[in-house]
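Trainee: Using only what follows, build the 3D model:
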Amino acid sequence: IFKFLGAISVDLGKDRIKPYLLTILTPLYRELNSNYAEQDPTLKNLSQEIIEILKKLVGLEAFSLAFSSVQKQANQKRAMRKKQRALNPDIAARRKLKRHKNKAETRKRKIESLRPMHKAKRHRSHALKDLAMVE
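Mentor: Below you'll find the model as predicted:
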């Protein structure tokens, strides 16, 4: 898709690309700004190359305005999602419990790696017990 966006932008030219600049920059910015674990470095490089092409094609001033607009929009969306999560106490409590559980598991794993003789106590899964109707 990034190659397609680059080809379309070069094909349209300087004047006809300007109305679509925000639409083209949005996924490129998202890829550049993402920090998830399984990120593909080739995608990041490709998006950087396409951004450079767009910068040369449209000019620095128009590009800067569009890029800052995309950046502002992404920050607003992020803030809105964060606000929504904070407003819902159930989700926040569940997230906090999950984080605490993961932290404890990580600590146990770390202890096991440092001291192989020592086995940390693991939480037993009571999946069947949870499924049964107990009064």
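Trainee: Which residues does stretch 26-45 contact?
Mentor: With contact meaning Cβ atoms under 8 Å, 6 or more residues apart in numbering, stretch 26-45 is reached by I1, F2, L5, S47, Q48, I50, I51, F67, V70, Q71, Q73, A74. Yep, even glycine has a C-beta here, placed from its N, CA and C like the rest.
Trainee: Please repeat the previous calculation with a cut-off of 7 Å.
Mentor: With contact meaning Cβ atoms under 7 Å, 6 or more residues apart in numbering, stretch 26-45 is reached by F2, S47, Q48, I50, I51, V70, Q71, A74.
Trainee: Ok, stretch 51-66 next?
Mentor: Residues contacting stretch 51-66 (Cβ under 7 Å, 6+ apart): G6, S9, V10, K14, I17, K18, L21, L22, I24, L25, L28.
Trainee: Of these, which one scores lowest on pLDDT?
Mentor: Across the contacts of stretch 51-66, the bottom pLDDT score, 86, is held by K14.
Trainee: Please determine how far that residue is located from N35.
Mentor: Going from K14 to N35 by Cβ to Cβ, to the nearest Å gives 33 Å.
Trainee: neighbour count winner among those two?
Mentor: A direct count of neighbours by other Cβ atoms under 10 Å for K14 and N35 places K14 higher, at 12 against 5.
Trainee: show me the contacts for that one.
Mentor: Residues near K14 by Cβ under 7 Å, 6+ apart: L57, V58.
Trainee: so which strand or helix has it?
Mentor: helix 2-17 (DSSP states H and E).
Trainee: For the nearest residue to G13 once chain neighbours are set aside, the count of nearby residues, please.
Mentor: Excluding its sequence neighbours, the residue lying closest to G13 (Cβ to Cβ, 6 or more residues apart in numbering) is L57, at 7.7 Å. If you count neighbours by other Cβ under 10 Å, L57 ends up with 18.
Trainee: go on, S69?
Mentor: 14.
Trainee: Listing request: residues of this protein with sub-threshold pLDDT.
Mentor: Filtered on pLDDT under 70, the chain yields the residue ranges 37, 118-135.
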